[in-house]
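J.: coords below, sequence missing:
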């Protein structure tokens with residue numbers, strides 16, 4: 001089971017800053033660029049994470065309509081053709097250029113509500129960008145969707161899953177790693193703040209790991 005140091009690393013970014021955030025509103029997902037038959041897998045993955053954490057999943061968000069958007073493309077340049085996406089994702093053209101230069105196949109963008117101190121607070125919206133290269137195209141839809149749903153459920157460090165992905169092979173297909181599942185449950189404990197930048201928050205997370213749900 002992860003200890004406080006392990007948990008601190010999960011939310012400490014490569015620049016050394018500790019940043020924790022979870023969703024502060026019901027998650028309302030939508031997907032673009034996939035066949036209709038794939039939509040239940042995406043919604044099911046988000047609902048599975050919602051059930052695990054006890055966080056609600058809704059059809060719509062009163063302010064944004066949909067606040068968790070999945071975009072599936074064959075080439076990053078296709079993002080520039082999505083109407084209005086440049087208003088949702090600042091500097092979209094620059095981001096597309098960086099993704100192409102890095103030969104990336106996935107990226108996640110977050111927006112946040114304001115915290116009482118004026119800084120970033122709880123997650124307000126997230127955009128999952130997926131370039132369906134050979135690797136992602138071979139992944140089962142359910143596993144791909146679950147992996148992404150887990151990675152937008154919290155503001156994980158950019159290095160959190162660099163050594164091991166959040167899913168492992170199970171008897172019925174890909175499944176969530178037990179340690180990651182425990183972190184998700186603990187992170188959504190109502191006693192904890194929705195966001196924080198003090199590494200001591202990892203101690204409070206550790207105290208809630210393994211508690212009966």
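T.: Structure received. The structure presented is a predicted model; accordingly, all values stated were derived computationally and were not measured.
J.: For residue 9, list the residues it contacts.
T.: By CB atoms under 8 Å, 6 or more residues apart in numbering, the contact list for residue 9 reads 157, 159-160. Every C-beta, even on glycine, is put in place using the N, C-alpha and C of the backbone.
J.: what does residue 139 give?
T.: residue 147.
J.: any idea how far the residue positioned nearest the centre of the chain is from residue 66?
T.: Centre of the chain computed as the mean C-alpha position; nearest residue by CA atoms, centre = their mean is residue 152, 0.8 Å away. Using CB to CB, to the nearest Å, residue 152 is found at 13 Å from residue 66.
J.: just residue 58 next, same as before
T.: With CB to CB as the criterion, residue 58 and residue 66 are 10 Å apart.
J.: more neighbours, these two?
T.: Between residue 58 and residue 66, counted using other CB atoms under 10 Å, the more crowded position is residue 66 (17 against 14).
J.: Show me the shaky parts of this structure.
T.: Of all residues in the chain, those with pLDDT under 70 make up the ranges 1, 118-119, 210-213.
J.: ok, which stretches of this structure are strands?
T.: Ranges of strands within the chain are 20-21, 29-32, 68-73, 106-114, 120-131, 167-170, 173-176, 195-196, based on DSSP state E.
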